[in-house]
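Undergrad: Just to be clear, the model below is a prediction. Sequence and coordinates:
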Amino acid sequence: MPNYHAWPDEVRPSPYADQLSLGFRRLRFSRALEREYRAHMLEDGFELKRIALCVATVIWLALAALDMLVVPASHLGWVIAVRVVVLVILLVCAALILQRRYIHLLLPLSMICILVLGVGAAVIVGIAHRANPGYPYEGLLLVSMAAYFLVGLRLSQALACSLVILLAYGLAELAAGLPAPRLINSLLFLVFGNLIGAVGCYLLEYKSREYFLISRLMHLLAHHDSLTGLHNRRSFNRQFERLWRQAQRDGISIALLLCDIDHFKAYNDCYGHQAGDEALQRVGSLIEQAARRPLDMGVRLGGEEFALLLFDISANEARQRAEALRHSLEEVGIAHRGSDSADVLTMSVGVACLSPDSQPELSQLYEQADRALYEAKAFGRNRVAA
Ligand SMILES: Nc1nc2c(ncn2[C@@H]2O[C@H](COP(=O)(O)OP(=O)(O)OP(=O)(O)O)[C@@H](O)[C@H]2O)c(=O)[nH]1
């Protein structure tokens, strides 16, 4: 299986990168990821199910027309009865599947459809073979192929359905008294057909899982800063407006803290770029810790500029949080002999608050925080301004 080299390391720590390195030959992820993958597949497979149901119903009805031509009149009644029972079950499942509120039943309902189609087809073949041993059994292969490729079942589920269908077919033929050589011949073709289906299904599921992990990693790469793991400017721009709309709906204030490390050029010059990167990571983790609640957001805007977006907070609290953040960096005590404002690495913070009743533009929040940051820098750095 593919070797992913080192690029997922750029988004570590990430469960997706870890799973890619570990591999998933048994088509299983770690528990939490497996849950996420299955939920994703449920959503992803919803549209596919509509198409699959239409195709299955059309084929089922077309084969009913074939029965009229091939099955002798003496046995036709039974065959039609089975076709009608299967059709009714299919339509009931379709009615449930097409309603989004039953999405949690999508997989069991899909399996029921496949099983009903397969067992129904096996019973029909058995009935028809009592009168006409030339009646085609290949419809069973079509049902198995649908299980492997059409309805979005995982390999284990498709295999389980196909095994039940094979068993039903064997029993139906034994009851019909099909000569042993013909039965063995049909079973062999069905088993080989299933083997091809299972291998194809394995490869498809493997690729689907690989795509899932890689697309999640791509999302992380596109929206997070690779050095600190914080959200990047693109992600910030996307979420800023969304959060503000939510705040307006809920009548909640938000605050923006713009943070800029003081004399960082001098820090790089004194200690080297590598040490500068490590200091940025340290600041990144302080910002991350400060974004405590689910809708808070820590961002690396670029270079040594960071932002902290705080949800549901008053102007007073925002100022206190900014002061605590500034203080936490000072406390870490990263020596900085090139700084004019302190002998350790420090940051300046500009704070701005927006409440839904004040009705200003969202862009004003950024401008206000930027002005406050400029003020904090101008008044000697290592301070908070609002
Ligand atoms: N090590 C490292 N340095 C970076 C990175 N991104 C930007 N920088 C450096 O950050 C420094 C920013 O310098 P300035 O914009 O002049 O700001 P400053 O020296 O912090 O001065 P004040 O903000 O006015 O206190 C530059 O020297 C950049 O090279 C990075 O990813 N890693």
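TA: Okay, I see it. Residues are numbered from 1 along each chain as shown.

Undergrad: Point out the residues in the stretch 251-386 of the chain that sit beside the ligand.
TA: Proximity of the stretch 251-386 of the chain to the ligand is confined to 260-266, 268, 273, 276-277, 280, 303-304, 377, 381 under the rule Cβ under 6 Å from any ligand atom. Where C-beta positions appear, they are placed from N, C-alpha and C, glycine not excepted.

Undergrad: Rounded mean pLDDT for stretch 260-271, please.
TA: Stretch 260-271 shows a mean pLDDT of 97.

Undergrad: three-state assignment of the residue lying closest to His263 once chain neighbours are set aside?
TA: With Cβ to Cβ, 6 or more residues apart in numbering as the criterion, His263 has its nearest non-adjacent residue at 4.4 Å, and that residue is Ser339. Three-state call for Ser339 (DSSP: H, G, I helix; E, B strand; the rest coil): coil.

Undergrad: wait, Ser339 sits on Ser348?
TA: No - under the criterion of Cβ atoms under 8 Å, Ser339 lies out of contact with Ser348, with a separation of 11.8 Å.

Undergrad: list the residues that contact both of these two?
TA: Overlap of the contact sets of Ser339 and Ser348 (by Cβ atoms under 8 Å, 6 or more residues apart in numbering) consists of Asp262.

Undergrad: Look at these two and report which has more neighbours.
TA: Using other Cβ atoms under 10 Å, the more surrounded residue of Ser339 and Ser348 is Ser348, with 26 against 20.

Undergrad: Kindly confirm my reading that that one forms part of a helix.
TA: No - residue assignment for Ser348, taken from three-state DSSP, gives strand, which places it outside any helix.

Undergrad: OK, contacts around it?
TA: Ser348 makes contact with Cys259, Asp260, Asp262, Arg326, Leu373, Ala376, Lys377, Arg381, Asn382, Arg383, Val384, Ala385 under the criterion Cβ under 8 Å, 6+ apart.

Undergrad: so what pLDDT did Met1 get?
TA: Model confidence at Met1 (pLDDT) stands at 51.

Undergrad: ok, now the one 10 residues further on?
TA: Reported pLDDT at Val11 in the predicted model: 65.

Undergrad: same check, this time on His5
TA: 54.

Undergrad: now Ile59
TA: According to the model, Ile59 scores 89 on pLDDT.

Undergrad: Roughly how far does it sit from Ser162?
TA: According to Cβ to Cβ, to the nearest Å, Ile59 and Ser162 sit 17 Å apart.

Undergrad: Please identify which of the two sits among more neighbours.
TA: Neighbours around Ile59 and Ser162, counted as other Cβ under 10 Å, are more numerous at Ser162. The numbers are 28 against 15.

Undergrad: for this protein, which spans come out with low pLDDT?
TA: When the per-residue scores of the chain are filtered using pLDDT under 70, the ranges that remain are 1-12, 359-360.

Undergrad: Which secondary structure state does whichever residue of it sits closest to the ligand sit in?
TA: When Cβ to the nearest ligand atom is the measure, the chain has its nearest residue to the ligand at Gly276, with 2.6 Å between them. Taking three-state DSSP as the rule, one finds Gly276 in the helix state.

Undergrad: neighbours around the residue nearest to it when sequence neighbours are not counted, how many?
TA: Taking Cβ to Cβ, 6+ apart, and ignoring the residues beside it in sequence, Gly276 has Asn268 as its nearest neighbour in space, at 4.2 Å. Asn268 has 17 neighbouring residues, counting by other Cβ under 10 Å.

Undergrad: What's the separation between Asn268 and Arg35?
TA: According to Cβ to Cβ, Asn268 stands 44 Å off from Arg35.

Undergrad: what does Tyr16 give?
TA: Counting by Cβ to Cβ, the gap from Tyr16 to Arg35 is 14 Å.

Undergrad: between these two, who's got more neighbours?
TA: Neighbours were tallied for Tyr16 and for Arg35 using other Cβ under 10 Å; the higher tally belongs to Tyr16 (21 against 11).

Undergrad: Who are the contact partners of that one?
TA: For Tyr16, the residues meeting the contact criterion (Cβ under 8 Å, 6+ apart) are Pro8, Leu33, Leu213, Ile214, Arg216, Leu217, Leu220.
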